[in-house]
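Enquirer: Here is a sequence with its predicted model. Questions after.
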Amino acid sequence: MQTCHRRCLSCRKVAPKSEFLRIVRLYPSHEISIKLGMGRSAYLCPTPNCIQAAQKKDRLGRALKVAIPAEIYQGLKQKQAEFHSLTQPELY
C-alpha cells in the first residue's frame with residue numbers, strides 16, 4: 001500500500017507524513033493544535049533547525065493563516081525531543 005507523502009515547510013523535504021510533526025489550525029475555533037484535530041494542517045521535520053526556521057520566518061503563521069503563539073513553538077520543541085527518543089535506539 002502506498003503511503004501519503006507531505007512536504008516540510010522549512011527544508012522542503014518530501015517524506016511519508018509519519019516522519020513529520022503535524023500542526024493544525026482547528027476548525028471552526030481557529031486554535032492551534034499539535035498532531036490532533038481536523039482543519040488546515042502544516043508539517044515540519046522534527047529537527048531543531050526546521051522548527052527555528054519556521055519560527056524565525058513565520059512560515060507556520062503564513063501556512064495556517066493565523067498568528068502562532070510562542071507556546072506552540074515550545075510544544076514543538078518538546079515533541080521534537082519525544083520524537084527523537086522514540087525513533088533513536090538507546091546506545092549502551
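Expert: Great, that's in hand.

Enquirer: Against residue 28, how distant is residue 61?
Expert: 19 Å (C-beta to C-beta, to the nearest Å). In this view, the C-beta of every residue, glycine as well, is placed from N, C-alpha and C.

Enquirer: between those two, which one's more packed in?
Expert: Applying other C-beta atoms under 10 Å to residue 61 and residue 28 shows that residue 61 carries more neighbours, namely 16 against 6.

Enquirer: so the more buried one is in which element?
Expert: Element membership for residue 61 (DSSP states H and E) is helix 59-64.

Enquirer: helices and strands around that helix, which ones?
Expert: With contacts defined as 3 or more C-beta pairs under 8 Å, 6 or more residues apart in numbering; DSSP states H and E, helix 59-64 has these neighbours: strand 21-26, strand 39-44.

Enquirer: Kindly export that helix (C-alpha atoms) in CSV.
Expert: Extracted in CSV, the C-alpha atoms of helix 59-64 (Å, rounded to 0.1, in the frame of the first residue of the first chain):
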residue,chain,number,x,y,z
ARG,A,59,6.3,30.0,8.0
LEU,A,60,3.7,28.3,10.2
GLY,A,61,1.7,31.6,10.5
ARG,A,62,1.6,32.1,6.8
ALA,A,63,0.7,28.5,6.0
LEU,A,64,-2.0,28.3,8.6
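
Enquirer: Can you mark which positions in it are buried?
Expert: 59, 60, 61, 63, 64 (16 or more other C-beta atoms under 10 Å).
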